[in-house]
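In: Build the 3D model from these lines:
(chains A and B, ligands or ions: 2)
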2 protein chains.
Amino acid sequence: SYNMAVPDAKTGLLFRQMFDRDTCTYTYLLGDRETAEAVLIDPVIELAARDVALLNQLNLSLKYVVNTHMHADHITGSGLLKLLVPGCQSMIAEASNADADIKLKAGDIVRFGQQELQVRSTPGHTSGCVTYVMHEHSLAFTGDALLIGGCGRTDFQEGCSETLYKSVHSQIFTLPQHYALYPAHDYQGLTVTSVEEEKKHNPRLGRSLKEFVQIMEDLKMPYPRKIDASLPANKVCGLYNLPDDLAAILKDAS
Amino acid sequence: SYNMAVPDAKTGLLFRQMFDRDTCTYTYLLGDRETAEAVLIDPVIELAARDVALLNQLNLSLKYVVNTHMHADHITGSGLLKLLVPGCQSMIAEASNADADIKLKAGDIVRFGQQELQVRSTPGHTSGCVTYVMHEHSLAFTGDALLIGGCGRTDFQEGCSETLYKSVHSQIFTLPQHYALYPAHDYQGLTVTSVEEEKKHNPRLGRSLKEFVQIMEDLKMPYPRKIDASLPANKVCGLYNLPDDLAAILKDAS
Ligand SMILES: [Fe+2]
Ligand SMILES: [Fe+2]
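Out: Ligands and ions are numbered 1, 2, ... in the order given. Below is the predicted model of the structure:
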């Protein structure tokens, strides 16, 4: 498959970050150059066709659709991708209480070709949130547990600020300083950070547990715009319970 | 300065891609790890404060603000950054007929620390468009000459489809296949491509000159939303001729 200088040609990983401008969600395409097996992390249903076009262009075959958690801000592309790419399997943490082909537990390894994603349990934004770590490439996908200079909210689903703080400090901030961290969202247009930067500069998680809990309590965020449509659909990985317009897309694909 | 695994820690380059959700513009921060000198490519005036915050967080000092061309879709952050970071200098191609501290010609090298940007003239979207190539890192910043699966329009400023086609084929498609290409914009949420992918799959520039000219003629794009405010301001690198709200930001900074 295609060879490209940045970021990881030498170590056999094909890496692409993609953005959903509507919900500020990052989707990641990871491909193994040797076997052409690929995964998508956190795809968005409206952009599944884009993701498939890129997979095809790069001659990759989609093995797994991997979710960091049951999202409340968008509907996952997992269900539509399963129709568009027969044979691929959806994944989500068992603790999320969502349905998927494969349910993950802490310590599991997601394998595609030579590549490995280590599953770490990082609850607190939701109780099923996980972080995927690629030790070979010194990077991790943190979902909504850790955002760049921020973190996911803890005031809905099964959110708990204390749990989130402990997750990040025990499972993410203990990674080597230079590990790159790729979040599920960024609202300022930033794309990546590192363990070192977040430990030093994250204005929420860089403080004490007590300060963190207070900061989260003071946020008083508005009710999430898409939550009422997203949660029922994401509970079944976007296969059913869709709003009419998206159900029509799924029907066309099947 | 900060060490991070991806994309280029080993070769001394600190690299960050940033996005403007309003105009779909990519800004690039490039830092030399040894000397901490940095450049910004194509900053957007509304996001100059974000860019400065990231420079500060990474302990980098901004040497040059580098423009790929005189943009019609947003106002460059060059002028505001010169106020926010005293001592930094603005750059643009001499052929753009815009004012800047340093005017570049084809073959010039922009140096910051150990890092080098080679200037290639790639007119056609505008007559002052350049592409910046980092041979050491096998990557290039193509501005609006080449977009991912697309290209800049050729129906305003001094646009010329034939010139654009020749620029891309002689100055970008002649780079090694694996070079990563970073555009000034993407409207689908894609972040990067490669010489090989664009040569094989670009639906406009991968065809014959004759087909390309016809495709561009048939586009019939709407009048650019921000062009009337952007061009007068960008002619002086965003230092004067600003709309009232942005002029106020500049006044506050000075
Ligand atoms: Fe979430
Ligand atoms: Fe442009």
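
In: Measure how far stretch A:31-49 is from the centre of its chain, please.
Out: Using Cα atoms, centre = their mean, to the nearest Å, the mean C-alpha position of stretch A:31-49 is found 12 Å from that of the whole chain.

In: can that stretch be found next to chain B?
Out: Yes - judged by Cβ under 8 Å from any Cβ of the partner chain, stretch A:31-49 and chain B are in contact via A:Leu47. Yep, even glycine has a C-beta here, placed from its N, CA and C like the rest.

In: For that stretch, buried residues please.
Out: Under the neighbour-count criterion of 16 or more other Cβ atoms under 10 Å in any protein chain shown, stretch A:31-49 has A:31-33, A:35-48 buried.

In: cool, and stretch A:167-184?
Out: Taking 16+ other Cβ under 10 Å as the basis for neighbour counts, the residues of stretch A:167-184 that come out buried are A:167-168, A:171-173, A:175, A:178-184.

In: what about the residue of the stretch 1-150 of chain A found nearest ligand 2, neighbour count?
Out: For the stretch 1-150 of chain A, the residue closest to ligand 2 is A:Arg21, as judged by Cβ to the ion, at 18.7 Å. As a burial measure, the neighbour count of A:Arg21 was computed by other Cβ atoms under 10 Å in any protein chain shown and equals 15.

In: Same check on the one 3 residues further on?
Out: Residues near A:Cys24, counting by other Cβ under 10 Å, number 19.

In: Out of the buried residues of stretch A:31-49, name the ones that lie in helices.
Out: Using DSSP state H, A:Ala48 are the members of those that sit in helices.

In: My guess is A:Met108 contacts A:Val119. True?
Out: Actually, residue A:108 is Asp. It isn't Met. Yes - counting by Cβ atoms under 8 Å, A:Asp108 touches A:Val119, with 4.4 Å between them.

In: Find residues that contact each of these two.
Out: With contacts taken as Cβ atoms under 8 Å, 6 or more residues apart in numbering or on different chains, not a single residue reaches both A:Asp108 and A:Val119.

In: which residues touch the residue in chain A that ligand 1 sits nearest to?
Out: For chain A, the residue positioned closest to ligand 1 under Cβ to the ion is A:Asp144, at a distance of 3.8 Å. Contact analysis of A:Asp144 by Cβ under 8 Å, 6+ apart lists A:68-69, A:71, A:125-126, A:129, A:151-152, A:183-185.

In: What helix or strand is the residue nearest to A:Phe173 when sequence neighbours are not counted located in?
Out: For A:Phe173, ignoring the flanking residues on the chain, the nearest one in space by Cβ to Cβ, 6 or more residues apart in numbering or on different chains is A:Lys199 at 5.4 Å. Taking DSSP states H and E as the definition, one finds A:Lys199 inside helix A:195-201.

In: what's the host helix or strand of A:Ala53 packed up against?
Out: Secondary structure assignment for A:Ala53, by DSSP H and E: helix A:48-57. Other helices and strands packing on helix A:48-57, by 3 or more Cβ pairs under 8 Å, 6 or more residues apart in numbering or on different chains; DSSP states H and E, are strand A:13-20, strand A:25-32, strand A:37-41, strand A:61-66, helix A:78-84.

In: still on that earlier bit, backbone torsions only: list them for the residue of the stretch 1-150 of chain A closest to ligand 2.
Out: Backbone torsions for A:Arg21, taken as degrees, to the nearest 10, come to phi -70, psi -30.

In: Apart from its chain neighbours, what residue comes closest to it?
Out: B:Arg21 (5.7 Å).

In: how far away is the one you found from A:Val119?
Out: With the distance defined as Cβ to Cβ, to the nearest Å, B:Arg21 ends up 31 Å from A:Val119.

In: do A:Val39 as well
Out: Using Cβ to Cβ, one obtains 13 Å as the distance from A:Val39 to A:Val119.

In: Same question for A:Leu84.
Out: With distances defined as Cβ to Cβ, the gap from A:Leu84 to A:Val119 amounts to 25 Å.

In: now do A:Val66
Out: The span separating A:Val66 from A:Val119 equals 9 Å under the rule Cβ to Cβ.

In: list residues touching both of the two?
Out: Common neighbours of A:Val66 and A:Val119, counting by Cβ under 8 Å, 6+ apart, are A:110, A:132.

In: Neighbour count: the two, which is higher?
Out: Each of A:Val66 and A:Val119 has its neighbours counted (other Cβ under 10 Å); A:Val66 has more, 27 against 19.

In: Okay, and the beta partners of the more buried one?
Out: In this entry, A:Val66 is beta-bridged to A:Ile41, A:Met91, by DSSP bridges.

In: cool, the one 10 residues further on as well?
Out: Applying DSSP bridges to A:Thr76 yields these beta-bridge partners: A:Val44.

In: my guess is it meets A:Pro43, correct?
Out: Yes - applying Cβ under 8 Å, one finds A:Thr76 in contact with A:Pro43, separated by 6.5 Å.

In: Spatially, what comes nearest to the residue in chain A positioned nearest to ligand 2 if we skip its sequence neighbours?
Out: At 18.1 Å from ligand 2, A:Gly189 is the closest residue in chain A, using Cβ to the ion. Of all residues beyond its chain neighbours, the one nearest A:Gly189 is B:Phe19 (3.7 Å), with distances taken as Cβ to Cβ, 6+ apart.

In: since we're on that neighbour, how many residues are nearby?
Out: Around B:Phe19 there are 24 residues (other Cβ under 10 Å).

In: Assess the claim that it and A:Tyr187 are in contact.
Out: No - taking Cβ under 8 Å as the definition, B:Phe19 is not a contact partner of A:Tyr187, at 10.5 Å.

In: Does anything pack onto the helix or strand following the helix holding A:Lys199? Which helices or strands?
Out: Next helix or strand after helix A:195-201 toward the C-terminus (DSSP H and E): helix A:209-218. Secondary-structure packing of helix A:209-218 (3+ Cβ pairs under 8 Å, 6+ apart): helix A:161-167.

In: what's the one helix or strand in chain A whose mean pLDDT sits lowest packed up against?
Out: Between all helices and strands in chain A, the lowest mean by mean pLDDT, DSSP states H and E belongs to helix A:244-253, at a mean of 91. Counting contacts by 3+ Cβ pairs under 8 Å, 6+ apart, the secondary-structure elements packed against helix A:244-253 are helix A:78-84.

In: wait, does the helix it packs on contact chain B?
Out: No - interface with chain B: helix A:78-84 contributes nothing (Cβ under 8 Å from any Cβ), its closest point being 16.0 Å away.

In: Could you do stretch A:106-118 as well?
Out: No - with Cβ under 8 Å from any Cβ as the criterion, chain B is not reached by stretch A:106-118; the gap is at least 14.1 Å.

In: Just the buried positions in stretch A:188-207, please.
Out: Neighbour counts using 16+ other Cβ under 10 Å place A:188-199, A:201-202, A:204-205 of stretch A:188-207 among the buried residues.

In: Residues in contact with the helix holding A:Lys199: which ones?
Out: Contacting residues not belonging to helix A:195-201 are listed as A:146, A:148-149, A:172-173, A:175-179, A:181, A:205-206, B:2-4, B:57-58 [Cβ under 8 Å, 6+ apart].

In: switch the cut-off to 6 Å
Out: Contacting residues not belonging to helix A:195-201 are listed as A:173, A:175, A:177, A:179, B:2, B:57 [Cβ atoms under 6 Å, 6 or more residues apart in numbering or on different chains].

In: I'm done for today, thanks for sticking with me.
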